[in-house]
Each structure stands twice: as C-alpha cells, then as structure tokens.
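Asks: Predicted model follows, preceded by the sequence.
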Amino acid sequence: MIELGTLTGQRGAAVNTAAAAWSTSFAKLLAHDASLWTGADEAKWLGWLDIVARETRDLPSLQAFADHVRAQGTRFVVLIGMGGSSLGAEVLAQSFGHQPGWPELFAIDSTSPDQIAALEARLDLAHTLFIVASKSGSTLEPNILKDYFHARITATQGAGTAGRHFAAITDPGSSMEKEAKDKDFAFIFYGEPSIGGRYSVLSRFGLVPAAAMGLDLPRFLKHAADMVARCRQTTQQNPGLLLGLSLGLMTTEEKRDKITISASLALLSVGGWLEQLIAESTGKNGKGLIPVDLEPLAAPSAYGNDRTFLHVALAGETEPPQLAALEEAGHPVLRLTLSNAYELGELFYLSEIAVAVAGAVLNINPFNQPDVEASKIKSRELTDAYETTGQLPLRTPFRKLEGITLYADANNEKRLSTSTTLTDILSAHFHQAKPGDYAALLAFIEQSPAHWDILQNMRTRLRDQLHIATCAEFGPRFLHSTGQAYKGGPNSGIFLTISAEPKEPLAIPGHRIGFGVVQQAQAMGDFEVLNERGRRALWLHLDNAEQGLATIAKALQQALA
C-alpha cells in the first residue's frame, strides 16, 4: 500500500484542520458537483472518478488483446501520442522495464527528425505494433507520426498487411476512429469522452499499452481500486485529500508554488507524468502550481522560499540526504512511498484526486487547458501555411552570433538589443530574475542524453547563481504538459526557447511539410504565444544543435560568473 508522508508541525496541523472542514466539499467532488470549482463545465470531465471499476469489469477484452499481441510474435510496441496519451505509457515502460517474453514498449511524442530516425533504427518493423493514441483524433503530432510509420510499414511489409501493425485508442466518433476503420487497423479501443487526457492513465489510454507490454492488469487495477476506496473517505484518513490540501495551502498561504519533484532512479519517469497533471490542471488565470522535475537536489542555501518538495520512491531505498536537510531548514517536504511498481496504479489515482482538490483550493477549473489550445492553434496555422506556400512566415531576428539566430518580441528586443555578445544578452535576460521567479529552458531538439546533460548543467547554474527554480523541457512534448502553466499561470517565468536545424529533414508521406519544419513551426508558434501573454522570452535558433548548445552553455557560464 502506498504511503503518504505528510507535512509536519504547524503546517501539518493546518492541513488536518482543513481536511476536517472539507467533508461537504469532498462530497461535492464525489457527487460530480461543478460548484466545488468554478461552476463551469467541470462536471463533464469527472469520468476518471469511476473508471477503475469500469475497466476492471472489462478486463477480458484487454487480456484478449494482450494474448493476440504475444501470439503474433510482436517484439516491439510503439505508443504514438502526446501529453496524457503518452506520458502514462512512458512511466509504465520505464518503471517496469522490458517484461520477459513480451514486447518492449516505447513511447514517441516528438517531431524531432533525429529522434524519430533514432527510434526507427531500434525497431524490427516486421514485428512492431504501433498504437496511435489520440482522444480527438485531430492532434497534429500523432497524425503525422502515424502517417510516417504507416508509410514505412507499407513500404517494407506491403500495403495489404499494414493495418495489422496498428491499433488506435480514441474517443467514439473521432476522425481517428474513421481512419482506423478505413485502414483496417487490427484493434480500435475507445476512450471515455468524460475523461480528459491528463486524467486518462487508468483508462484505455494507459491500460492498452500496459496489456501489450505484459503487465499483470488485475494486480495493477486492484491496487488502483484500493486507492479509490481510501480516497472515498472525507476525513484525515484520505491521502488524496491531504496531499491536495497540502499543495494548495502551501501555495495560497506561503506562496510556495514551485512543486519540486524528486524521485528514486526506479521511478524517475513519474515526474514527467506528474508535471503534466499539475501544470495543465492548475496553471491558468494567472495562478497555479509550477512543477519542477528532474532538477538535482541541493543544499537548502540553493533555494528560495517558494518551494514545496515532493519525493517519490520505493520502500527500502536510501533517501537523498538533502531532503532531511531541507526539512530541517524549514522547507515543506511530502513523501510518497511505494512498496513495488504495481502501486503506480495507486499513485495515479491518488495524484488525480490531489490535483482536483488543489484546483478547488485555488478556485480554478482543473479540467480545461485554454493556453495549450492557443499554442496548438498557432502551430497549426504555421504548418497549414507551409502546406500552402512551401515556407514558414519570415520573422526578423535582432541578432545573429556564432551560428545562432536570436529572436525576441518588441519589448524584449529593445531591452536586449544594446548587448552585442551572446554572453551579455543571456546575462541581461536571466538577471531579470527576482525572488519567486523561475527559469525554463524549452528545447525543440532531439531528446538525447548528450543534449539533456547540457540542459541540466545550464539549469543547475541558473539555480545556484540566481536562487530560482528551473525547468528543462523538450518540445513539442511540453506544449501538451507544462506549456499550459508557462503561458496561463503566474507571470513569473523567464524563458529561453532553443531550436536547431535538423541533421535530416525527414519527409512526411502525403504532406508537403517535413518533420524538421513542423518542429520549427512549433517552436515559433509557442514563442509567439509566450509573447502574446507578455512573458519574458528569448528564442535562439541554432545552425547546428551540438555546436550551438555548447556555445550557449559556455556563454551562460560566463554570464553567471
């Protein structure tokens, strides 16, 4: 059974007092009463509250799918999705690992030509099943990835057999359902329309890939059901209520809105799923929680007073010594301890309840994502323009230095244009930071270990020198996750967008546009929405990713010296 280590001292007492007074409010949540939040359309999005029981009743169909996948000799399963359609599957793949006798599961949520090519090189297409996951069926990235891999299967295996290499997870009546039928996909699984993407991990969107990789679904869902029962209580024994009140009250009472997630190595990918749930649910109307994932833990002196720490680990693992030091220094620390990986089913449901409660504390609608939609629309406009004209709309840079082209909006350009070196520009950009701010590095490049190491080194320097929270993200995946909070949450972020010319453009069959141009359009679209929201943003486009990142890292080191 998963254990929640709650806040201590006066903070813990305040949370317990709030929990005791929350009986009526929590009853509203269980009754699907939208007045708990803003009284808008929240009641339409609460299907996740009861999904565990429904999926448990329908286990035979998932088991039949798993048996088919194994009987076909499938070696690889690739989940194609974005945001909530992919992050849960990624957690399962990385936390459980490759199950003996079953296919290896990968999740792809990138438009980086280099990353797509690297994944394809690992696959045996003749023995690969692609699961295309999209609630609406209209999301750009899953559609073009589907088109690419369907063409590759057709070219290598023949058009008549391509459909048997594909399955779809989508809502009834979507365009994805129609195409899956037209192309004779082997399986079509239906999502629940009353469940939004980030709350869908315990529905078909998480369970289909779990079945394909050979997990024990009855055991997984039994753990989830145990947490459902625990979260039906309206007292201080309800872990979802306690966690949600802790996150919400630390934000409203102490302005500790940077939820810093740390996790043991075995559960490291959990942070990426939590990021989306927290940021997309709460980051709107100029307020919200800013999740900080994979930032290395440090001594208390590295941090400001805007942090709440959440540590996720397996029982028996040695806890990082920094956590005790942080707690002793007065920072709030919450702990989630799992006995084994199958308790992820508990963690998913517990976290969903907690974030719904935190949304009520913040008085926001935790089930919409208006600023995610703004970026989607902007990127779609740019890609549609390319399909028509063969080029993206030109934007005038304010400087080109050392193989790096620099862009900013009018206000930021005016402030930065007097600086003549990259070091001076980065110094002026990031030294805007004040207590309570955070820095976010938004990289529209291949998510490779080498690139990640550079971004981690950069963010650590920013944190240690400026004492602000730092986020490091790869695009376009963050657009469907933390991007909501960056544009709709508190205006406390300082953003550095990074894009690069791909090694290979990688054509998309049936489209004029290629993946390289799509990724650049997404970087441009997101940057424009950041500008429209009045964010402090700078965009660097690199002629070469490796050389350019090294140049930026060196300049930033000098800027912060």
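Replies: Great, that's in hand.
Asks: going on from the lowest-mean-pLDDT helix or strand in the chain, what's the next piece of helix or strand?
Replies: When the helices and strands of the chain are scored by mean pLDDT, DSSP states H and E, helix 370-389 comes last with a mean of 87. Per DSSP states H and E, the first helix or strand lying C-terminal to helix 370-389 is strand 399-401.
Asks: roughly how far out does that following strand sit from the chain middle?
Replies: Here strand 399-401 shows a centroid-to-chain-centroid distance of 32 Å under the convention C-alpha atoms, centre = their mean, to the nearest Å.
Asks: who does it touch, helix- and strand-wise?
Replies: When contacts are defined as 3 or more C-beta pairs under 8 Å, 6 or more residues apart in numbering; DSSP states H and E, strand 399-401 sits against strand 404-407. Glycine gets a C-beta too; all of them are placed from N, C-alpha and C.
Asks: Next secondary structure element downstream of the strand it packs on?
Replies: Under the assignment DSSP H and E, the closest C-terminal helix or strand after strand 404-407 is helix 410-416.
Asks: thinking again about what came up before, can you list the helices and strands that the least confident helix or strand of the chain packs against?
Replies: Using 3+ C-beta pairs under 8 Å, 6+ apart as the contact criterion, the neighbours of helix 370-389 among helices and strands are helix 140-157, helix 483-488, helix 515-532.
Asks: Residue 246: which of those helices is closest?
Replies: With C-beta to C-beta as the measure, helix 483-488 is the member of those nearest residue 246 (18.6 Å).
Asks: average pLDDT for stretch 506-520?
Replies: Mean pLDDT, taken over the full extent of stretch 506-520, equals 94.
Asks: Check the separation of the first and last residues in that stretch.
Replies: Across its full length, stretch 506-520 reaches 13 Å between end residues, using C-alpha to C-alpha, to the nearest Å.
Asks: in the chain, what spans have low per-residue confidence?
Replies: Along the chain, the model assigns pLDDT under 70 to no residue.
Asks: Residue 305 contacts residue 258, correct?
Replies: No - Residue 305 is beyond contact range of residue 258, at 10.0 Å (criterion: C-beta atoms under 8 Å).
Asks: For those two, indicate the residue with more neighbours.
Replies: Each of residue 305 and residue 258 has its neighbours counted (other C-beta atoms under 10 Å); residue 258 has more, 27 against 13.
Asks: Apart from its chain neighbours, what residue comes closest to that one?
Replies: Sequence neighbours aside, residue 469 is the residue nearest to residue 258 in space, at 4.2 Å (criterion: C-beta to C-beta, 6 or more residues apart in numbering).
Asks: Who does the one you found form a beta bridge with?
Replies: Listed beta-bridge partners, residue 469: residue 438 (assigned using DSSP bridges).
Asks: In this structure it contacts residue 292, no?
Replies: Yes - with contacts defined as C-beta under 8 Å, residue 469 counts as touching residue 292 at a distance of 5.0 Å.
Asks: Overlap of the contact sets of these two?
Replies: Applying C-beta atoms under 8 Å, 6 or more residues apart in numbering, one finds that residue 469 and residue 292 are jointly contacted by 258, 260, 307, 438.
Asks: possible to save those residues as a markdown table with secondary structure?
Replies: What follows is the shared contacts of residue 469 and residue 292, written out as a markdown table (DSSP: H, G, I helix; E, B strand; the rest coil):
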| residue | secondary structure |
| --- | --- |
| 258 | strand |
| 260 | strand |
| 307 | strand |
| 438 | strand |
